[in-house]
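Enquirer: here are the coordinates; sequence isn't available:
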């Protein structure tokens, strides 16, 4: 049981390191993480008297 938990912990650590590495090195390899930007204009009705 201890070997299984140790292997699972090791796998989680490797996945976390891979995810952080991808977040930092992704833009170098062409991954674009930025949100699409566009201007949004909407009219807002005001009920002020």
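Expert: Received it, and whenever you're ready, just let me know what you need. Note that this is a predicted model, so its numbers are computed, not measured. Numbering: from 1, shown residues only.
Enquirer: Under the pLDDT cut-off, which ranges of this structure? List them.
Expert: Low-confidence segments of the chain, defined by pLDDT under 70: 49.
Enquirer: Which parts of it are helices?
Expert: Along the chain, the stretches classed as helices by DSSP state H are 2-25.
Enquirer: How much space separates residue 23 from residue 41?
Expert: Distance, residue 23 to residue 41, using Cβ to Cβ, to the nearest Å: 33 Å. Glycine gets a C-beta too; all of them are placed from N, C-alpha and C.
Enquirer: who's more crowded, those two?
Expert: Higher neighbour count among residue 23 and residue 41: residue 23, with 11 against 4, using other Cβ atoms under 10 Å.
Enquirer: ok, now which ones touch that one?
Expert: Going by Cβ atoms under 8 Å, 6 or more residues apart in numbering, residue 23 touches residue 33.
Enquirer: What is the burial count for residue 8?
Expert: Residue 8 has 10 nearby residues by other Cβ under 10 Å.
Enquirer: do the same with residue 28
Expert: Residue 28 has 7 nearby residues by other Cβ under 10 Å.
Enquirer: so what's it up against?
Expert: Residues near residue 28 by Cβ under 8 Å, 6+ apart: none.
Enquirer: What's the separation between it and residue 3?
Expert: Using Cβ to Cβ, we find residue 28 at a distance of 37 Å from residue 3.
Enquirer: With residue 18 instead?
Expert: Residue 18 sits 22 Å away from residue 3, going by Cβ to Cβ.
Enquirer: neighbour count winner among these two?
Expert: Taking neighbours as other Cβ under 10 Å, residue 18 and residue 3 compare with residue 18 leading, 10 against 7.
Enquirer: distance of that one from residue 36?
Expert: 26 Å.
Enquirer: Then residue 7?
Expert: 40 Å.
Enquirer: now residue 26
Expert: Taking Cβ to Cβ, one finds residue 26 at 17 Å from residue 36.
Enquirer: next one: residue 42
Expert: Counting by Cβ to Cβ, the gap from residue 42 to residue 36 is 18 Å.
Enquirer: Residue 4 now?
Expert: 43 Å.
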